[in-house]
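S.K.: fold the following and give me the result.
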Amino acid sequence: MSFAQVYTRSVVGLHAPEVIIEVHLSQGLPALTIVGLPEAAVRESKDRVRSAILNSGFQFPNRRLTINLAPADLPKDGARLDLPIAIGILAASDQLDPTVLSGFEFIGELALNGELRQISGSLAVARAMKAEVLATQLLKGDEKMMSSTRQLIVPTINGAEASRVEGITVLAAPNLKAVCNHLQSLTDSSFLDERLTEVEPNQIQKHIGYQVDLADVKGQHHARRALEIAAAGGHSLLLTGPPGSGKTLMASRLPTILPDLSAEDALEVASTYSVADSDYDYGTRPFRQVHHTISAVALVGGGSRPKPGEITLANKGVLFLDELPEFDRTVLEVLRQPLEAKQITISRANSQMTFPANFQLVAAMNPCPCGYDGDGSGRCRCRAEQIKRYQDKLSGPLLDRIDLHITVPALPIVDLQNAQAGETSEQVRTRVSAAHNRQLIRQNKVNNELSPSEIDKYIQLGAGEQQLLQLAQQRLNLSARGYHRVLRVARTIADLADSADITSAHVSEALSYRSK
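M.R.: Below you'll find the model as predicted:
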């Protein structure tokens, strides 16, 4: 046998398309050629694979080797193709039975001694395999087919992560030799004791505790109320106040009162972090706090081969921008489209990627350059034109897309010392989850995601409420977008009150958060 075919997957954006590795041995001077748009890490795999095969007790064929990565027009990067390339070489050189390879997909980076090292994107690969199972079920109409016909072999350190996907058989291997022994056991009974064991799916508790709690916020009842509304309806939030008033403290507590992630959402978030090779506490809402020196590409994603940015890493969670006016204006303006569309499309000359960006924006800023405008102590010495120049760094269209504008005053020390303990995150999350469920039952999405046509369908106002909004539109110069955002916030306030109808009190409270 001089030909072998091995199945694996590349990772492109957040997806993991199938890659078929074809290995052919032919006569000629010893050489190894890899074709099929391999990136640098893939081209360098020839040296890692050669050493790993020799150090695992196998022979490296002393012939001309041609390795094709199909489809040829799909870019392949990363060292995750080391293991399938090595398996293909061993099968093509008759050191493994090539007939057993069709039942497996392989991913893993090889060390020179044959050990398997951790790779990124293993969860994305498992989810892609599961998606193919569901597509096959739909195509064949066979709902009884609950698992993939192929098994996934990954490095031991990636086994727990990949096994989170149900319906996929995951086998974790410590090294190349263990993988080969398992494949040989399928045709040779003397290797039965060398078989790899299936990784048991992880049992994740429904809600993972956070290290912080909303009870840490003392006083600031108005701001706490705004946090609850934002959490219940998925609304964006701007906190304005002097330094030390608790803006960052409150923003960091927002994930703790959000409803628990569903199983599918938790997998989606974990898969994103797996591709980005970043740490993530499974089951928690992401909280991304970025520095004001961040670039537009780092914020929304991009690069020659588009990769997810901070808004995608904050998907299903919170993106916190502290010191908002200090951000470059061009960086802030790129947030306008994803705030509306809940996704971002990155276009390049040779590729186009769409990343999810369903995040909640929480921003904080000082009222003036020194931070003490309006403070009773009289410490502010900023001139009116300085304050205007500082606040004008934020464009009107961006501010118009933020639902809740909250002023966070500095509390006197006496008030902090005498303040009673506030409600805990768990207590608030109970109310938020109840309001969230009412929205899902009514419209199958949170209020902040309602389109204009859905607003007309699900948000009905009485004559008094309509007149109140007409007066407010004249006084606050509300745009059509601002008008719709007031309606969404009012609907959320009514849901928190378990009210089927939106009353004038709900509309009035929603308008109080549109001071800008």
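S.K.: for the host helix or strand of residue 271, name the packing helices and strands.
M.R.: Remark: residue 271 resides in helix 263-276, with elements defined by DSSP states H and E. Applying 3 or more Cβ pairs under 8 Å, 6 or more residues apart in numbering; DSSP states H and E, one finds that helix 263-276 makes contact with helix 122-140, strand 307-308, helix 310-313. C-beta coordinates here come from the backbone N, C-alpha and C atoms, glycine included.
S.K.: buried stuff in the helix or strand bottoming out on mean pLDDT in the chain?
M.R.: Taking mean pLDDT, DSSP states H and E as the measure, the chain has helix 413-418 as its least confident helix or strand, at a mean of 77. Residues of helix 413-418 include none that count as buried (16 or more other Cβ atoms under 10 Å).
S.K.: what is the lengthiest strand in the chain packed up against?
M.R.: For the chain, the longest strand by residue count, based on DSSP state E, is strand 18-26. When contacts are defined as 3+ Cβ pairs under 8 Å, 6+ apart, strand 18-26 packs onto strand 3-9, strand 64-70, helix 82-92.
S.K.: deepest of the ones you listed, which one?
M.R.: Highest mean neighbour count of the helices and strands packed on strand 18-26: helix 82-92, a mean of 28 (counted as mean count of other Cβ atoms under 10 Å).
S.K.: mind saving the C-alpha coords of that helix as PDB?
M.R.: What follows is helix 82-92, C-alpha atoms only, in PDB (Å, rounded to 0.1, in the frame of the first residue of the first chain):
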ATOM      1  CA  ASP A  82       0.800  16.800  13.100                       C
ATOM      2  CA  LEU A  83      -1.000  13.700  14.400                       C
ATOM      3  CA  PRO A  84      -3.100  12.900  11.300                       C
ATOM      4  CA  ILE A  85      -0.100  13.500   9.100                       C
ATOM      5  CA  ALA A  86       1.900  11.000  11.100                       C
ATOM      6  CA  ILE A  87      -0.900   8.500  11.000                       C
ATOM      7  CA  GLY A  88      -1.200   8.900   7.300                       C
ATOM      8  CA  ILE A  89       2.500   8.300   6.700                       C
ATOM      9  CA  LEU A  90       2.400   5.100   8.900                       C
ATOM     10  CA  ALA A  91      -0.600   3.800   7.000                       C
ATOM     11  CA  ALA A  92       0.800   4.600   3.600                       C
END
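S.K.: tell me what angle it forms with strand 18-26.
M.R.: Angle, helix 82-92 to strand 18-26, by axes from the mean of the first three to the mean of the last three Cα atoms, to 10 degrees: 40 degrees.
S.K.: flag every buried residue along the helix holding residue 271.
M.R.: 265, 266, 267, 268, 269, 270, 271, 272, 273, 274, 275, 276.
S.K.: also stretch 338-348?
M.R.: 338, 339, 344, 346.
S.K.: returning to that earlier point: I'd like the next helix or strand past the helix holding residue 271.
M.R.: Heading C-terminal from helix 263-276 (DSSP H and E), you reach strand 287-290.
S.K.: what strands flank that next one, and is each parallel or antiparallel?
M.R.: Applying DSSP bridges, strand 287-290 is found paired with strand 318-321 (parallel).
S.K.: tell me the contacts of the residue lying closest to residue 90 once chain neighbours are set aside?
M.R.: Excluding the flanking residues, the one nearest residue 90 by Cβ to Cβ, 6 or more residues apart in numbering is residue 96, at 4.6 Å. Contacts for residue 96 were tallied using Cβ atoms under 8 Å, 6 or more residues apart in numbering; they are 87, 90, 180, 183, 184.
S.K.: residue 96 belongs to a helix?
M.R.: No - using DSSP: H, G, I helix; E, B strand; the rest coil, the assignment for residue 96 is coil, not a helix.
S.K.: measure it to residue 473 for me?
M.R.: 73 Å (Cβ to Cβ, to the nearest Å).
S.K.: before we move on, what about residue 265?
M.R.: For residue 265, the distance to residue 473 - Cβ to Cβ - is 36 Å.
S.K.: my guess is residue 63 contacts residue 30. True?
M.R.: Yes - here residue 63 reaches residue 30: they are 6.3 Å apart, a contact under Cβ atoms under 8 Å.
S.K.: neighbour-wise, which of these two wins?
M.R.: Neighbour count, other Cβ atoms under 10 Å: between residue 63 and residue 30, residue 63 has more, with 17 against 10.
S.K.: so what's that one up against?
M.R.: If a contact means Cβ under 8 Å, 6+ apart, then residue 63 has 25, 26, 27, 28, 30 as its contacts.
S.K.: residue 251 against residue 318, yeah?
M.R.: Yes - contact criterion Cβ under 8 Å: residue 251 and residue 318 qualify, at 7.3 Å.
S.K.: what is in contact with these two at once?
M.R.: Common neighbours of residue 251 and residue 318 (Cβ under 8 Å, 6+ apart) are residue 362.
S.K.: tell me the most packed of the contacts of residue 63, by neighbour count.
M.R.: residue 25 (19 neighbours).
S.K.: what sits opposite it in the beta ladder?
M.R.: residue 65.
S.K.: check what pLDDT it gets.
M.R.: Here, the pLDDT recorded for residue 25 equals 95.
S.K.: do residue 144 as well
M.R.: 57.
S.K.: try residue 470
M.R.: pLDDT at residue 470 comes out at 91.
S.K.: name the helices or strands packed onto the helix or strand harbouring it?
M.R.: Following DSSP H and E, one finds residue 470 within helix 463-476. Packing contacts for helix 463-476, counted by 3+ Cβ pairs under 8 Å, 6+ apart, involve helix 480-496, helix 504-512.
S.K.: return the most buried member of those.
M.R.: On a mean-neighbour basis (criterion: mean count of other Cβ under 10 Å), the most buried of the helices and strands packed on helix 463-476 is helix 480-496, at a mean of 22.
S.K.: and stretch 235-253, how far out from the chain's middle?
M.R.: In terms of Cα atoms, centre = their mean, to the nearest Å, the centre of stretch 235-253 is found 23 Å from the chain centre.
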